[in-house]
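**Q** need the 3D shape of this:
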Amino acid sequence: MIEGRVEFELVSPESLLLSEAVEMVVVPGDQGDFGVLPGHAPMISTIRAGVIHVYAGGSVQRRIFVAGGFAEVTPERCTVLAEEAMVVGDMDRGVIEQELRDLSEDADDASDEEELEFTQARLQVARAKLKAIDEPLYQ
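**A** Numbers count the residues shown, from 1 in each chain. Okay, the predicted model is just below:
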């Protein structure tokens, strides 16, 4: 471990997306955002759809959208197991807006409660993606 840094790993079902020593990482926990610095108390948390902010050089260097998952924190490491992850700068507003329209139609046409709940969960993630594009950076 590099002094003054915490090892951060971001893993999706497909692959290891990021593994590096960072100054701090801010994770969208289900109970609110939490920052992880070296020496953090051990914890495990579910995460909500939102943006992970990765700090280096005293400012946010990366913004990564995650669609939910789990985070495990130790004094030396923060590991996020994400259901889905993508760099915010790579997200296409037009594609997401179309996804919202399609999912809204799917919700209106849902034939049972299970299908409706599944579609509503996907709508929530799509709305979080738009929010990620629009939200300001942590400084």
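**Q** can we go C-alpha only for contacts and neighbour counts from here?
**A** Fine.
**Q** can you give me the buried ones in stretch 10-20?
**A** Under the neighbour-count criterion of 16 or more other C-alpha atoms under 10 Å, stretch 10-20 has 10, 11, 12 buried.
**Q** and the residue nearest to residue 27 when sequence neighbours are not counted, how many neighbours?
**A** With sequence-adjacent residues excluded and distances taken as C-alpha to C-alpha, 6 or more residues apart in numbering, residue 27 is closest to residue 52, at 4.9 Å. Look at residue 52: counted by other C-alpha atoms under 10 Å, it has 26 neighbours.
**Q** CA-only coordinates of the helix or strand hosting residue 52 in CSV, if you can.
**A** According to DSSP states H and E, residue 52 maps onto strand 50-56. What follows is strand 50-56 as a C-alpha-only set of coordinates in CSV (Å, rounded to 0.1, in the frame of the first residue of the first chain):
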residue,chain,number,x,y,z
GLY,A,50,-25.3,6.7,-8.3
VAL,A,51,-21.8,8.0,-9.0
ILE,A,52,-18.5,6.9,-7.4
HIS,A,53,-16.1,9.9,-7.2
VAL,A,54,-12.4,8.9,-7.3
TYR,A,55,-9.9,11.5,-6.0
ALA,A,56,-6.3,12.1,-6.9
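**Q** how far off centre is the following helix or strand past that strand?
**A** Note on strand 50-56: by DSSP H and E, the next helix or strand toward the C-terminus is strand 59-66. Strand 59-66 sits 9 Å away from the centroid of its parent chain (C-alpha atoms, centre = their mean, to the nearest Å).
**Q** can you list the strands that the helix or strand just after strand 59-66 pairs with?
**A** Next helix or strand after strand 59-66 toward the C-terminus (DSSP H and E): strand 69-73. Strand pairing for strand 69-73, using DSSP bridges, gives strand 43-47 (antiparallel), strand 77-82 (antiparallel).
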